[in-house]
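A.B. asks: Predicted model and sequence follow; I will ask about them next.
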Amino acid sequence: MLLCPVRDCQQPLVRESRRLVCEREHSFDMARSGYVNLLQPQDKKSKDPGDSAAAVAARRRLHDLGVTAPLLSSISSLLELTNEDVVLDAGCGDGFYLGNLNKESACQAHGVDISIPAIDAAARRYPSCEWIVANADRSLPYADRSFTVVTSITARMNSSEFRRVLREDGRLLVAIPAPEDLIELRGAGRERVERTIEAFAVDFEVISTSRASASADLDAASVEDVLLAIYRPMQSQAAVASKVTFSFDLILMRPRSAIIK
Ligand SMILES: [Zn+2]
């Protein structure tokens with residue numbers, strides 16, 4: 001289901017032991033940790049696009065503390081995945097959500113992110129999923145109607161590409177930070193549900209909206225990790241221990257042309 005990312009090629013990629021190759025002999029080696037980098041020169045604005053290694057490591061430490069487990073649980077309950085599902089997580093970061101959904105449901109799991117440090121971390125921890133480095137903002141390197149579920153969890157959104165790679169009876173889950181997400185550290189955020197639904201309205205209709213929240217008493221080092229993860233490291237004073245709220249708005253959608261049975 002992977003397509004060659006070379007401009008004007010887009011032929012199917014076939015797996016040959018440690019590489020992917022298209023019929024025009026464009027070839028992409030598998031990294032030692034198991035991911036494949038399909039990023040093309042025109043896909044990146046900087047030398048090292050996407051999340052930095054420091055931000056990825058900080059986010060993973062927070063996941064490992066268990067502070068985001070309730071958010072994972074809410075997403076899992078909403079999707080009710082089975083081993084029949086084929087899931088794409090677009091902007092998957094270090095793979096926490098997709099990797100755990102795969103473990104719980106035995107779904108086929110595919111993660112794409114533009115950050116090499118993020119995908120490398122994902123591939124090392126969750127080897128039973130397929131991990132790809134690509135620019136999901138531009139185009140997704142997958143054939144039409146490849147997936148039963150696409151997730152975008154606090155990631156960039158590409159409505160037309162999500163629609164293209166989803167099956168007609170597929171579902172799209174978009175998770176965005178709720179207004180009280182990290183409120184203790186950055187104040188109340190904006191309400192984003194309405195405008196997000198509008199951004200997808202051409203291609204998708206809403207099945208449900210819900211909110212998932214968790215709070216944790218974090219020590220100073222973990223508060224610093226939160227700030228690193230959102231690129232707001234402490235400038236002048238040291239981070240201090242704090243209760244921190246994590247909160248997502250979850251929007252579940254289906255393709256607009258879906259035939260409802
Ligand atoms: Zn090719």
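C.D. replies: Now that the structure is in, tell me what you want to look at. Numbers count the residues shown, from 1 in each chain.
A.B. asks: quick one, helices of the stretch 51-200 of the chain?
C.D. replies: 53-65, 69-79, 96-105, 116-125, 159-165, 183-186, 193-200 (DSSP state H, counting those that start in this stretch).
A.B. asks: Phi first, then psi, for the residue in the stretch 51-200 of the chain positioned nearest to the ion.
C.D. replies: The nearest approach of the stretch 51-200 of the chain to the ion comes at residue 141, 10.7 Å away (CB to the ion). C-beta: built from backbone N, CA, C; applies to glycine. Main-chain torsions, residue 141, degrees, to the nearest 10: phi -80, psi 50.
A.B. asks: so what's residue 193 up against?
C.D. replies: Residue 193 makes contacts with 176, 209, 249, 251, as judged by CB atoms under 8 Å, 6 or more residues apart in numbering.
A.B. asks: what comes into contact with stretch 215-234?
C.D. replies: Against stretch 215-234 from outside (CB under 8 Å, 6+ apart): 54-55, 58-59, 61-62, 65-67, 182, 185-186, 238-246.
A.B. asks: Pull out the buried positions in it.
C.D. replies: Buried positions in stretch 215-234, judged by neighbour count with 16 or more other CB atoms under 10 Å: 216, 218, 222-230.
A.B. asks: quick one: which of those is nearest to the ion?
C.D. replies: Proximity of those to the ion (CB to the ion) peaks at residue 229, which lies at 35.6 Å.
A.B. asks: Could you find the closest non-adjacent residue to residue 100?
C.D. replies: residue 72 (5.6 Å; CB to CB, 6 or more residues apart in numbering).
A.B. asks: circling back to that earlier point, please tabulate the buried residues of stretch 215-234 in CSV and include secondary structure and distance to residue 168 as additional columns.
C.D. replies: Formatted as CSV, the buried residues of stretch 215-234 follow (DSSP: H, G, I helix; E, B strand; the rest coil; distance: CB to CB, whole Å):
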residue, secondary structure, distance to residue 168
216, strand, 40
218, strand, 43
222, helix, 43
223, helix, 45
224, helix, 46
225, helix, 41
226, helix, 40
227, helix, 43
228, helix, 41
229, helix, 36
230, coil, 37
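A.B. asks: Mind giving me the PyMOL select for the contacts of stretch 215-234, buried ones only?
C.D. replies: Here is the PyMOL selection string for the buried members of these, based on 16+ other CB under 10 Å:
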select buried, resi 55+58+59+61+62+67+182+185+239+242+244+245+246
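A.B. asks: So which residues of the stretch 1-150 of the chain form strands?
C.D. replies: 14-16, 19-21, 27-29, 36-37, 86-90, 108-113, 130-133, 147-153 (DSSP state E, counting those that start in this stretch).
A.B. asks: Can you give me the pLDDT of residue 230?
C.D. replies: Note for residue 230: predicted pLDDT of 86.
A.B. asks: hmm, I was thinking of residue 135
C.D. replies: Each residue has a pLDDT score; the one for residue 135 is 92.
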